[in-house]
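Visitor: mind folding the following:
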Amino acid sequence: PPNPPDAGVMLRELAGPAATMLHGAAEESLPGPRAWSEQAWGSALWAAPGQWLLLHARGTVPPFPASRMTPLHGARSVLEVAGPRAAEALATLLPIDLHPSAFGPQAAAATVAAHVPVMVWRAGEGFRLSCYRSYALSLAGAVLAAGRGRGAAPLRWWAGSGGGVSQRGSGRTGWSGRCA
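Guide: Below you'll find the predicted structure:
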């Protein structure tokens, strides 16, 4: 079921993106510190000096030498957090300023959210967080708890068609949640 338009915080796991870590000297097409960019093959996020997290469709190989890339097959989850109260909820979890004047449309940061190491970046009107797959359910729970703490309604879970974890680790694929 789709999230209602009046939900304060909407959360879903993006199914399908593959992740690769790129190491080495910067190239002109790659974003600089604390930034991300769309590429013809996917997205590139600056992770640290000489390191970028590349998110791309499965089966697509980013155009860099194989010797500079480390595939992260199944190692990362990407959560999308949207809604009119998304920034407010995330502000309780992230030690960074999410105001648009400080964290603009192409901003990215390597930080922690609820003690989970994450990469966070703006995606349209919302945010995306990438974390190690084994932490995804804990991070999702923290995001939804922060949404409830903002006057939101109780959490609701349902099975989806994504390729991720389920609420109870039952092996069912996909999940999303909403706080209204």
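Visitor: could you point out the longest helix in the chain?
Guide: helix 136-148 (DSSP state H).
Visitor: mean confidence for that one?
Guide: Averaging pLDDT along helix 136-148 yields 89.
Visitor: show me the contacts for S138.
Guide: A114, V116 (CB atoms under 8 Å, 6 or more residues apart in numbering). Yep, even glycine has a C-beta here, placed from its N, CA and C like the rest.
Visitor: count of residues packed around the closest residue to P84 other than its chain neighbours?
Guide: Nearest non-adjacent residue to P84, counting by CB to CB, 6 or more residues apart in numbering: G8, 6.2 Å away. Neighbours of G8 under the rule other CB atoms under 10 Å: 19.
Visitor: any idea how far G8 lies from D97?
Guide: 20 Å (CB to CB, to the nearest Å).
Visitor: just list whatever residues bridge to P17.
Guide: Counting by DSSP bridges, P17 is bridged to A57.
Visitor: my read: it touches H56, true?
Guide: Yes. With contacts counted by CB atoms under 8 Å, P17 reaches H56, the gap being 6.7 Å.
Visitor: give the residues shared as contacts by the two.
Guide: Going by CB under 8 Å, 6+ apart, residues that sit against P17 and also against H56 are G42.
Visitor: and the residue nearest to the spatial centre of the chain, helix, strand or coil?
Guide: Residue closest to the average C-alpha location in the chain (CA atoms, centre = their mean): L129, at 2.2 Å. At L129 the chain is in strand, as set by DSSP: H, G, I helix; E, B strand; the rest coil.
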